[in-house]
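K.L.:
kindly return the folded structure for what I paste below:
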Amino acid sequence: MDNIDEFIEFADGMAEMVRPISVEAFEKGYDYEVKSDGSPVTEIDRAVEQILRREINKHYPDFGILGEEFGNENMDAEYIWVLDPIDGTRAFATGLPNFGSLIALCHRSSPIIGIIELPIERMRVIGAKGRQTLCNNKPVKTRNCTSLADAVVCPCGPDYWGDHEPKLAKLREQSNWRVYDGGCAAYASLARGHVDVCIDATLDAYDFSALVPVIEGAGGIITDWQGMPLTLSSGKLVVAAGTAACHLEVLSVLNPSPTSS
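P.N.:
Got it, this is the predicted structure:
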C-alpha cells in the first residue's frame, strides 16, 4: 500500500489537532446528556468529531466516514475513516483522565491504521498494518506473558458483562490480578507491555477499529470472542492479549466446553 505513510501522517495530524481541545475541555469540565441508547455525550464529543470530519472531507472527499456522534458517510468506499472523538465519555464527564480519541482507517472493512490519543497523559500510540507500533514515536511491544495465571487482565466494568458475568467470575479465579474499565488506555498499556489481556463486551466498530493495528503492531492478538479477526461488521465482544498462548487460554474461558461449564 504505497500511500500508507501519507495516511499515517494525516491521522497523526488530526490527533495533534484535537489534543489541545480535549485537554482544555477536561480542565474546564462539561455537563453531559444521555443519548437514547443510555450512553452519555458532551458537546466536546460532537465538536471533536466535527473537526475530524471536516478535515477528512477536505482532504479525502471520496473516503467513507463512520463516527459515533454523526453517523456514516459513503460506507461503500474502499477506504473508511472510523472515529470515536471521546472514547470514555463517562470518565471524561466525571473528571477522570482515562479517556482518549480513537482514529482509524479501514481498507475494505479491515483496520489498517489506528491511533489511540490519550491527551491528559500526552501519549499517542500509533499502529499501522505491517509496521511496529509506536508510542510517542518510540517502538513498543507487548509483554511475554504466556499464562493466564500470571496475567494482568483489564476487563470492562462489571455493569457491561450482563449474561457473561459467570465468565468474568472465572477470569477472576484464573488470572493474576485485574484492573477494571480502563477503556482505550488499557489497550495502550497492553501494547506498551504493562497489561496482558483486555476484554470488552459492548464495543462498536468506532471503539475497536483503532485498537487492531495498535495491538497487532506491538506483537499482540486482538479478535472477537470466537477468535475471528475484527472488521467493521464484527459484533461487540472483543478480546486482546499480548501473546498467542495467553489469547488462546482466555478464549477457552470465554467459550467453555459443555463439560467444563
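K.L.:
any idea which helix or strand carries Leu105?
P.N.:
strand 100-107 (DSSP states H and E).
K.L.:
pull up the pairing partners for that strand, direction included.
P.N.:
Sheet pairing for strand 100-107, assigned by DSSP bridges, gives strand 79-87 (antiparallel), strand 110-118 (antiparallel).
K.L.:
how distant is it from the center of its chain?
P.N.:
On the basis of C-alpha atoms, centre = their mean, to the nearest Å, strand 100-107 sits 8 Å off its chain's mean C-alpha point.
K.L.:
output it as CSV - backbone C-alpha positions only.
P.N.:
In CSV, the C-alpha atoms belonging to strand 100-107 read as follows (Å, rounded to 0.1, in the frame of the first residue of the first chain):
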residue,chain,number,x,y,z
GLY,A,100,-9.0,9.3,24.6
SER,A,101,-9.7,9.9,21.0
LEU,A,102,-9.7,7.0,18.5
ILE,A,103,-8.9,7.4,14.9
ALA,A,104,-8.7,4.5,12.5
LEU,A,105,-8.6,3.9,8.7
CYS,A,106,-10.1,0.7,7.3
HIS,A,107,-9.4,-0.7,3.9
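K.L.:
ok, which of the strands paired with strand 100-107 comes nearest Arg192?
P.N.:
Comparing these against Arg192 with C-beta to C-beta, the closest turns out to be strand 110-118 (10.4 Å). The way it works is simple: take the backbone N, C-alpha and C, and place the C-beta from them, glycine included.
K.L.:
avg pLDDT for the next helix or strand after that closest one?
P.N.:
Tracing the chain past strand 110-118, the next element assigned as helix or strand by DSSP H and E is strand 123-128. Strand 123-128 comes out with an average pLDDT of 98.
K.L.:
equivalent analysis for stretch 189-206, please.
P.N.:
Confidence for stretch 189-206, expressed as mean pLDDT, is 97.
K.L.:
could you list the low-pLDDT ranges of the stretch 1-150 of the chain?
P.N.:
1 (pLDDT under 70).
K.L.:
show me the contacts for the closest residue to Pro229 other than its chain neighbours.
P.N.:
Spatial nearest neighbour of Pro229, chain neighbours left out: Thr223 (6.2 Å); criterion: C-beta to C-beta, 6 or more residues apart in numbering. Going by C-beta atoms under 8 Å, 6 or more residues apart in numbering, Thr223 touches Pro229, Leu230, Val238, Val239, Ala240, His247.
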